[in-house]
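Peer 1: need a 3D model of the following:
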Amino acid sequence: MARRISVQPMTKSIKFKAATDKIDCGTDFIGTGDITVCGWFNRKGLGGGNLGRIMDNGSFLINTNNVGALLLERNSTYARSENNVIANNKWYFFSATSTSDGTTAFRINGVANTYDSSAGIPADATTNLFIGNRNAGDRNFDGLIKNLRVFNRILTTSEQDEIYYTGTVPEGCIAEYTFENDTSATAFDTAGGHNGTITGATFSTKVPLKERKQIGGNLVYNGDFEKYSLGEQVATTTSARWIDGTASNSLIGNVGFGWHTAFGGTAAAIFDTSVKHSGNSSLKLIAGTANAGTYGNCVSLATAASPTLENLVKYYIKVKPSTSYTLTAFIKTSEVTNVNAGSTNAAHIRIYEYKESLNTSISSNVTTNINGTNDWTKVTKVFTTNSLTRRINIWCLIFNETGTAWFDDISLVETTPPTRTASGTRTSAVNRTSV
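Peer 2: This is a model prediction of the structure:
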């Protein structure tokens, strides 16, 4: 299968609960050669025998255990991740590579996590491949599985992360179970045609928000603010974080790239369905009395939780160092007013850059400030990341001002700067993201 961006919607996952719930793929396609398996899962419990299977063919299996590790077994010998990385009731994206000699590596939510890399020497399957159980029907997975894919080669780290961050599916995909168009009896393999027979397992509308496909290379999750919950639109406390529009006092955890309020005071953040640049909604920021020199009563939404080292690695937007990016967005304002003498701040978007291992911003870029009352205005910021930059965070804010601002259709794409041909003609910037 050629490299592509998967365009399936994220509306359904498959749910396993009972001991006999399973999907029988009707054959085996794991084999004994190099392989990469990836997908999403949300474990509700340990499952059958405390070793509920994500997949199993009698010789090759992937499961989690009671100490929070992810395991891959070949021919009765298993490799595993570190302990305490898998918890219940959270979505995880995993990718596991395993060579023909059993050397195995794991990535969980885009981060390398391998404790023991020595799985057994691959052997032929002894049963069909099963998803969510094994042939005997006593190792059921307890929870949800989504977008399970198998590749007949070892994917590079970049390729694995592209699936996680952008939905780009590289070459070599021999099986793909998205569970989007399946029936109660059939799980369709949209890559290899290995359609599976569903027994007991049911469909759920709970899906991982992370893999909302960013067609065209847009790195900003929910930059059009179309995902929200009508029941919980307003957040006015600093602890409230927006996850699909839902305010929660817990850390973002498994989702990432949702929006959260960074500062409160007398400000408010609303997903506005009456004023929008496109689609069904926009982000509305309302700033009350501003404090000189502080964010105090201004409002900001950012693409991840506070920049602890853990959150920095897991949730901030991953970018390349010394690389050109273009941010575009649309901003509308109503009576945004400077309240501090000499202030040039207004409604704008800020881009903060971070190292991979340091939770302090090393650089920032700011779009054009918009004051007063203005209809939808397009803002563009072209910037080149610092040589040390590995992650960025995006803030929409009204800085030390009063008034109201709306933000919509935020996009961040990698670009190449204009270059000169041999004849001296300048070529325009080109989106470098492959589709």
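Peer 1: beta-bridge partners for T186, please?
Peer 2: T197 (DSSP bridges).
Peer 1: what residues are up against it?
Peer 2: Shown in contact with T186 (Cβ atoms under 8 Å, 6 or more residues apart in numbering): 195-198. Any C-beta I mention is one placed from the backbone N, CA and C, and that applies to glycine too.
Peer 1: by neighbours, which of the residues you listed wins?
Peer 2: Neighbour counts for the contacts of T186 peak at G196, which has 26 neighbours (criterion: other Cβ atoms under 10 Å).
Peer 1: thinking it is in contact with D189, fair?
Peer 2: Yes - assessed by Cβ atoms under 8 Å, G196 is found in contact with D189 at 7.1 Å.
Peer 1: quick check: neighbours shared by these two?
Peer 2: Residues touching both G196 and D189 (Cβ under 8 Å, 6+ apart): 25, 177.
Peer 1: just the helices from this protein, written as ranges.
Peer 2: Secondary structure of the chain by DSSP state H: the helices cover 157-166, 309-315.
Peer 1: so for the last one, mean pLDDT?
Peer 2: What helix 309-315 shows for mean pLDDT is 55.
Peer 1: can you check the first one too?
Peer 2: Model confidence over helix 157-166 averages 82 on the pLDDT scale.
Peer 1: buried sites along stretch 84-96?
Peer 2: Using 16 or more other Cβ atoms under 10 Å as the burial criterion, the residues of stretch 84-96 that qualify are 85-86, 91-96.
Peer 1: what of stretch 272-283?
Peer 2: Neighbour counts using 16+ other Cβ under 10 Å place 272, 276-277, 281-283 of stretch 272-283 among the buried residues.
Peer 1: one more: stretch 373-388?
Peer 2: Those would be 376, 379, 381, 383, 385, for stretch 373-388 by 16+ other Cβ under 10 Å.
Peer 1: related to what we said a few turns ago, can you add pLDDT and distance to T77 and give the contacts of T186 back as JSON lines?
Peer 2: As requested, those are exported to JSON lines (pLDDT from 0 to 100; distance: Cβ to Cβ, whole Å):
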{"residue": "N195", "pLDDT": "97", "distance to T77": "31"}
{"residue": "G196", "pLDDT": "97", "distance to T77": "27"}
{"residue": "T197", "pLDDT": "97", "distance to T77": "30"}
{"residue": "I198", "pLDDT": "98", "distance to T77": "31"}
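Peer 1: any idea of the mean pLDDT for stretch 30-50?
Peer 2: Regarding stretch 30-50, the rounded mean pLDDT is 96.
Peer 1: and it, what's buried?
Peer 2: So, applying 16+ other Cβ under 10 Å, buried residues of stretch 30-50: 30-32, 34-43, 46-48.
Peer 1: what's the nearest residue to I398 if we skip its chain neighbours?
Peer 2: In space, I398 comes closest to A287 once its chain neighbours are excluded; the distance is 4.1 Å by Cβ to Cβ, 6 or more residues apart in numbering.
Peer 1: isn't F16 right up against K146?
Peer 2: No - counting by Cβ under 8 Å, F16 stays clear of K146, with 11.9 Å between them.
Peer 1: out of the buried residues of stretch 30-50, which is nearest to I62?
Peer 2: Using Cβ to Cβ, V37 comes nearest to I62 of these, at 6.4 Å.
Peer 1: residues touching the closest one, list them.
Peer 2: By Cβ under 8 Å, 6+ apart, the contact set of V37 is 55, 62, 72, 95-96, 98, 148-151.
Peer 1: ditto for T64
Peer 2: Going by Cβ under 8 Å, 6+ apart, T64 touches 41, 43, 46, 51-52, 54, 70-71, 86.
Peer 1: if we can go back for a sec, quick check: beta-bridge partners of the residue nearest to I398?
Peer 2: Counting by DSSP bridges, A287 is bridged to G403.
Peer 1: what about it, distance to N400?
Peer 2: Per Cβ to Cβ, to the nearest Å, A287 is found 9 Å from N400.
Peer 1: residues near N66, how many?
Peer 2: 9.
Peer 1: wait, isn't it in contact with L46?
Peer 2: Yes - contact between N66 and L46 holds when scored by Cβ under 8 Å: they sit 5.6 Å apart.
Peer 1: quick check: which ranges of the stretch 101-250 of the chain have low pLDDT?
Peer 2: Across the stretch 101-250 of the chain, the ranges flagged by pLDDT under 70 are 165-166, 209-216, 221, 227-250.
Peer 1: could you pull out the strands for it?
Peer 2: 104-108, 111-112, 130-131, 143-151, 168-169, 173-177, 186-187, 196-199, 202-204, 241-243, 246-248 (DSSP state E, counting those that start in this stretch).
Peer 1: so for I362, which of the ones you listed sits nearest?
Peer 2: Within the strands of the stretch 101-250 of the chain, the stretch nearest I362 is strand 111-112; the backing value is 20.5 Å (Cβ to Cβ).
Peer 1: please state the offset of the closest one from the chain centre?
Peer 2: 14 Å (Cα atoms, centre = their mean, to the nearest Å).
Peer 1: partner strands of it and their direction?
Peer 2: Paired strands of strand 111-112, with direction, are strand 104-108 (antiparallel) (DSSP bridges).
Peer 1: now the partner strand, how far from the centre of its chain.
Peer 2: On Cα atoms, centre = their mean, the centre of strand 104-108 falls 17 Å from the chain's centre.
Peer 1: what residues of that strand count as buried?
Peer 2: In terms of neighbour count (16+ other Cβ under 10 Å), strand 104-108 has its buried residues at 104-108.
Peer 1: perfect, I'm done here.
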